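In: Sequence below, structure please.
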Amino acid sequence: MRVIVVGGGVVGTMHAWQAVERGHQVVQIEREAEARGASLRNFGQIWVSGRAGGEELETALRARDLWERIGGEVPGLGFRAIGSLTPVRGAREYAVAEAAAARPDAAARGYALVTAEEARTINPALRGVFDAALWCARDAAVEPRTAQLHLREALRTRGRYTFLPGREVREVVGNGAVRDDHGEVHRGDAVVLATGAWLSGLVRELVPDLPVRRVRLQMMQTAPLGEPLTTSVADADSFRYYPAYEGPALDALVAGQPQASIAAAHKMQLLMVQRQDGGLTIGDTHEYEHPFAFDTHEDPSAHLTEVVESFLGRPLPKVRRRWAGVYAQCTDTTRVVHRQQVSDGVWLVTGPGGRGMTCSPAIAETTANELGW
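Out: Here you go, the predicted structure:
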C-alpha cells in the first residue's frame, strides 16, 4: 500500500510512523520547510492526568504506552517517564485532589495524594509552601521542538519513506490523489490530511462546516534552572480546565475560590516541564475569539512567574523565549479527534486540541486500524 500524509506535525508524522511500521510506502508532504505549528509550540507533555474518562482516557493511556515504545526505538525523542505533581493549598484545592485520588480509575491514571514532604521527595526542587500534591505517575514528557526531526530520521532508515517539504497540497484530483503547488500529483491507496490548525484553503473547500475551532495560547521558556525538575508541575487552576476533576469538590472550589483576575481573563493554568537543556517550558493561556491578537501579553507571564516562584521557593531563571501558538480543537470538546472521509480515498484527521501531543500515536493507530492498513 502507498499512503500519502499531508502535514508534517506530530499527528501527521505519527500516521506516517504507523503506515511504515505496517510495511507500507509513505510520502509525507509539509507546506513549510519544517513543521512550525502547535506540534513544536507545546510542553512536550504526555499528559494522562487530566483526561476525561472513557474514550479520552483510553486513548491517552494507549498513546502513553506507544510513546514509551517508540521512545525506546528513537532515543532522540527524549522520552522521560517523569510523572507530574499538582501542589495544592487550602481545603478546597485539597478536596479536589482528594476526590481525584479516589476516582475508580485512579490506579490506571497513576493518581496518589501525597503530603508536601512526600512531594518534595519526588521533586526536591519544590521548596515553596503548599499543603499537599496530586501525584500522577503515568504522565511523561518528550522534546517537542525536535521530536518530528528524530521520528522522520528513524523513518528514513526503514527505506519506505519520503519527506517532501515546502509543498502545499492544493487540490484533490481523484481517488487517493492530490496535487501540490508545484503541480505534482501524488497518488496513493490512501491520503490522510493531518493539517493541524491550517483549516482554510483545501480543508475549507472539502468541509465547509468543519466542527473544529482554533485556539491560541501563549508560553515561555527560561534559561536552565540549575537543578533537576524531576516531574512536570501544574497548579490547582488546571483543575478548572481538565474534565477529570469535575464533581462536587471542583464545584465548591469554583464557587468559593475565584481565580486571580489575570488568570481568569486569559483562561490560564500553570503547566511546567523541564527541557533536556535544563530550561523550563511554562504556560499557558487560552484565547478562543477570532481574530486572534498578533501580540503577546506580559501580565499572564508575570502571573505565571509568581506562581512558579511560589512553588520553587526561589526566583525563576531569566526568560529566554516567548511565543504564541494555535491549535485545532473539536467544537464538541468531548471528542478526541475529528476523523472524516472527505473524498474518495481521502481522510481528514484534525481537532485533538491540547491533546495532540499526548494522543497522536493512538490517534494514528486508530486511523490505521479503521482504514485497514
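
In: neighbours around the nearest residue in space to Arg320 that is not next to it in sequence, how many?
Out: Counting by CB to CB, 6 or more residues apart in numbering, Ala223 is the residue found nearest to Arg320 once chain neighbours are left out, at 5.4 Å. In short, each C-beta sits where N, CA and C put it, glycine included. By other CB atoms under 10 Å, the residues close to Ala223 number 15.

In: hang on, Ala223 packs against Pro315?
Out: No - applying CB atoms under 8 Å as the test, Ala223 and Pro315 come out as separate, 11.4 Å apart.

In: list residues touching both of these two?
Out: Contact with both Ala223 and Pro315 is made by no residue, according to CB atoms under 8 Å, 6 or more residues apart in numbering.

In: Tell me the spacing between Gly44 and Met219.
Out: Distance, Gly44 to Met219, using CB to CB, to the nearest Å: 11 Å.

In: Pick out whichever of these two has more residues nearby.
Out: Gly44 (27 against 22).

In: Apart from its neighbours in sequence, what residue is nearest the more buried one?
Out: Gly44 sits nearest to Pro144 (CB to CB, 6+ apart), 3.9 Å away.

In: ditto for Thr331
Out: Here the residue nearest Thr331, using CB to CB, 6+ apart, is Pro211, at 4.8 Å.

In: ok, that neighbour - how many residues close by?
Out: So Pro211, with other CB under 10 Å, has 12 neighbours.

In: That one and His338, how far apart?
Out: With CB to CB as the criterion, Pro211 and His338 are 6 Å apart.

In: Send me the helix or strand hosting Leu66 as PDB with only the CA atoms.
Out: According to DSSP states H and E, Leu66 maps onto helix 55-73. Listed next in PDB are the C-alpha coordinates belonging to helix 55-73 (Å, rounded to 0.1, in the frame of the first residue of the first chain):
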ATOM      1  CA  GLU A  55     -12.500   7.100  25.200                       C
ATOM      2  CA  GLU A  56     -10.300  10.100  26.000                       C
ATOM      3  CA  LEU A  57      -8.500   8.300  28.900                       C
ATOM      4  CA  GLU A  58      -8.200   5.100  26.900                       C
ATOM      5  CA  THR A  59      -6.700   7.000  24.000                       C
ATOM      6  CA  ALA A  60      -4.300   8.800  26.300                       C
ATOM      7  CA  LEU A  61      -3.200   5.600  28.100                       C
ATOM      8  CA  ARG A  62      -2.700   3.800  24.800                       C
ATOM      9  CA  ALA A  63      -0.700   6.700  23.500                       C
ATOM     10  CA  ARG A  64       1.400   6.800  26.600                       C
ATOM     11  CA  ASP A  65       2.400   3.200  26.000                       C
ATOM     12  CA  LEU A  66       3.100   3.800  22.400                       C
ATOM     13  CA  TRP A  67       5.200   6.900  23.200                       C
ATOM     14  CA  GLU A  68       7.300   4.800  25.600                       C
ATOM     15  CA  ARG A  69       7.800   2.100  23.000                       C
ATOM     16  CA  ILE A  70       8.700   4.500  20.200                       C
ATOM     17  CA  GLY A  71      11.000   6.400  22.600                       C
ATOM     18  CA  GLY A  72      12.900   3.200  23.100                       C
ATOM     19  CA  GLU A  73      13.400   2.900  19.400                       C
END
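
In: What is the subsequent helix or strand relative to that helix?
Out: strand 84-88.

In: what comes into contact with that next one?
Out: Contacts of strand 84-88 (CB under 8 Å, 6+ apart): 45, 47, 49, 94, 96-97, 114, 116, 119, 122-123, 126, 128, 130-136, 139, 231-236, 238-239, 311.

In: Which of these fall within helices?
Out: Tyr94, Val96, Ala97, Ala116, Ala119, Ile122, Phe311 (DSSP state H).

In: ok, the fourth one - contacts?
Out: Contacts for Ala116 were tallied using CB under 8 Å, 6+ apart; they are Pro87, Phe130, Asp131, Ala132, Ala133.

In: and the helix holding Leu66, what does it pack onto?
Out: With contacts defined as 3 or more CB pairs under 8 Å, 6 or more residues apart in numbering; DSSP states H and E, the packing partners of helix 55-73 are strand 45-46, helix 106-109, strand 140-141, helix 356-371.

In: Can you mark which positions in that helix are buried?
Out: 56-57, 59-64, 66-68, 70-71 (16 or more other CB atoms under 10 Å).
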